Structures are given as C-alpha cells and as structure tokens.
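Student: Coordinates for the following, if possible.
(one chain, ligands or ions: 2)
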Amino acid sequence: MSPPLPTGLDPVEQVRAGLTPYATGTKDFYRVDTALVVPDVRAEDWTLRLHGEVDQEITLTYDDLLALPLRERWITLTCVSNEVGGDYVGNAKWLGHPLADLLRRAGVRDGADMLLATSTDGFTLSAPLAEATDGRDALLVVGMDGEPLPREHGFPVRMVIPGLYGFVSACKWVTDIEVTRFADRTAYWTERGWAEKAPIKTASRIDVPRSFATVRAGRVPVAGVAWAQRRGVRAVEVRVDRGEWQPAKLLPSASSDTWCQWVLDWDAEPGGHVLEVRATDGTGTPQTDDVVAPVPNGSSGYDSVTVTVE
Ligand SMILES: Nc1nc2c(c(=O)[nH]1)N[C@H]1C(S)=C(S)[C@@H](COP(=O)(O)O)O[C@H]1N2
Ligand SMILES: [Mo]
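Tutor: Ligands and ions are numbered 1, 2, ... in the order given. Take a look at the predicted model:
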C-alpha cells in the first residue's frame, strides 16, 4: 500500500559503496525521550481525546482508530538537536490515519492555530495546525515498517507530520490533542528555549569515507544521505579541498518527504583531503556555509570529512 522501495543502484553496489540504507530499520532508528523509562501503554487501555477549539470532541479507542482508513507512507524523521553530520535522523514507513480527517470530523473553530499534543509520560508538544491540515501526510501512526509501532517509538499511537522536526510534530504515546492557539499555550521544548515554528532545514551528510579514514588512491566512492522534507532534494554536490562543486548521483526516493541517498566516484590523489557536501532543495535553494548550532530551530552548515589517501 505504500509506494515501492526506490531502486536505482544494485543492492550489492549499495553495500560496496557503504551506503546508508534508504530504510533505517526500527532497531537502528534514533530515539529521543524525555522520560527515563519507556512508557508501557496497553493498546486496550489507550484512548485519544481530541478537544479544545472544536465543534465536537472526539474520543477514540485503539480499535476505533484501526477501523478508520489507514495509509502507509515513507517519511524521514529528524531531530532539531541533530548536529551537522549527526545521526538523529531516520527513514521509516509509517502506517496511520490522516490527522486532517479527524480534525475535519471534529470541526476546528476559527482562530485556532496549534495542536497541543500530550503523551502518557507528561511530555507535550505544540504542532502548527496549518501544517497538519495542508494536505501533507500528517498521521496518527499505529505502524512502523510493517509492524505495530514499537514501544520505544510510541506504542500504541504517535503522531508524525512530515517536514517538521520531531519536537513539534511527532508526539509518542499520544493520548490527548487539544486544538488551541500559540498565543495561549506552550509545550515542553518551547518552554526550554527551542522554537515554536521548526520546519526541517535542508541537510546533507557524508557517511563514507568516515572522517580520518585512510583510503587507497584511485576511484573512491563517496556516499551519504541528504534531506529537505516537503521540498525534496534536487541536487547534492561534493567538493574536495574547497575546489569546484561536483554533482553526485542521487538515488530515487519514495517522495519529497524522505531523504535520498547519494554517491560520487572520487578520483582520489595521495595526500590529506577535506571533502564537503551540500544539497540543493526542490525550490532550487542550496545549503549555505552558515554554521548554525541546533538551538533554537535546527543546525546548518556543510558536513565534512578529513581523509588520508595513500
Ligand atoms: N512522548 C514523547 N514524544 C516525543 C519525544 C519525547 O521525548 N516524548 N521526543 C520528540 C523528539 S524531540 C523527536 S526528535 C521524536 C523522536 O522520535 P523517535 O524517538 O521515535 O525517533 O519524538 C518526539 N516525540
Ligand atoms: Mo527531537
């Protein structure tokens, strides 16, 4: 029911190139939890209350939710705290019911602009209502990679909204969604200095060679991933020792809401070299070399690796 896995490079070739897999896999998927102990929520005890600035409150049980139309989508999740080159990012196939459909049923009142989501562990996040209802695949998620949501990733139900960092979109163990206003309410991380509006910034990462690796002179595969959820990645380029930007090959991705893998054959000459990467998003805007720390709305800058060629 989800679009087929992108192809374009032979799996053997991918492994040889040391490519980060397109599908992260639940075991390798990063986790960010404020709770010290992973909540243990039983599906039969779970309910979701959708209330606030709505004409009609809705309460759903797990069975109610499973009886609603579900769709499966590849979406790359990213943490706002991810440093340039970091691995707080992962791609999975999520199964869920569109949040927009539920909100339409409830009837959102004029003036509301925020969804305040609360989890069983007390964590809260504020998601912008506009982004949750603009036609993107904002989902109340029950499945991850063809399985029920793992406990660590929010069993039985979490939110996923493509294009927004996890702390303003991806509430795990969600049991309460209040339709409200940014002017009236705040959430866990926004009370701790992080931004209220946090669309994911265009980013790219070099995964091979590893930094400080020693490689043999000649043809060396350089590879990694790049993401610009919603806008998509139009191009990835690599430069060596601040030379000309060279275009990498992009592998197909399921949609603009996921990362894409890229590879470049580098003709490596002996010596020490610095490789840098930049992506250009679907609007034609390239990453810049402005180095920005994650707080308050996401890091930016070129990822780089230092390589010795023998
Ligand atoms: N209940 C709850 N939901 C949460 C969080 C949390 O700490 N508690 N962390 C958020 C953050 S900051 C991110 S980046 C994503 C991470 O989702 P994952 O742990 O499934 O990768 O979940 C979001 N949802
Ligand atoms: Mo995050």
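Student: just checking, Ala117 touches Met159?
Tutor: Yes: contact criterion CB atoms under 8 Å: Ala117 and Met159 qualify, at 6.0 Å. Where you see a C-beta, it was placed from the backbone N, CA and C, and this is true even at glycine.
Student: Need the residues touching each of those two.
Tutor: Ala127, Cys171, Val174, Ile177 (CB atoms under 8 Å, 6 or more residues apart in numbering).
Student: Top of those residues by number of neighbours, please.
Tutor: Cys171 (30 neighbours; other CB atoms under 10 Å).
Student: secondary structure class for it?
Tutor: Assigned with DSSP: H, G, I helix; E, B strand; the rest coil, Cys171 falls in the coil class.
Student: Skip the chain neighbours and tell me the closest residue to it.
Tutor: Distances taken as CB to CB, 6 or more residues apart in numbering place Ala117 nearest to Cys171, at 3.8 Å, with adjacent residues excluded.
Student: Could you verify that that neighbour is part of a strand?
Tutor: Yes: secondary structure of Ala117 (three-state DSSP): part of a strand.
Student: That one: what's it in contact with?
Tutor: Ala117 makes contacts with Thr124, Leu125, Ser126, Ala127, Met159, Cys171, Val174, Asp176, Ile177, as judged by CB under 8 Å, 6+ apart.
Student: Out of these, name the ones that lie in strands.
Tutor: Thr124, Leu125, Ser126, Ala127, Met159, Val174, Asp176, Ile177 (DSSP state E).
Student: avg pLDDT for the longest helix along the chain?
Tutor: The longest helix of the chain (DSSP state H) is helix 99-106. Mean pLDDT, helix 99-106: 98.
Student: Not counting that helix itself, show me its contacts.
Tutor: With contact meaning CB under 8 Å, 6+ apart, helix 99-106 is reached by 50, 54-58, 60, 68-69, 115, 129, 132-133, 135, 138-140, 159, 161, 179.
Student: Tell me the buried residues within the residues you listed.
Tutor: Among the contacts of helix 99-106, the ones that count as buried by 16 or more other CB atoms under 10 Å are 50, 54, 58, 60, 115, 129, 132-133, 138-140, 159, 161, 179.
Student: Write out the residues of the stretch 151-300 of the chain neighbouring ligand 1.
Tutor: Contact residues, the stretch 151-300 of the chain versus ligand 1 (CB under 6 Å from any ligand atom): His153, Gly166, Phe167, Ala170, Cys171, Lys172, Trp173.
Student: Can you tell me which of these are also in contact with ligand 2?
Tutor: Gly166, Phe167 (CB under 5 Å from the ion).
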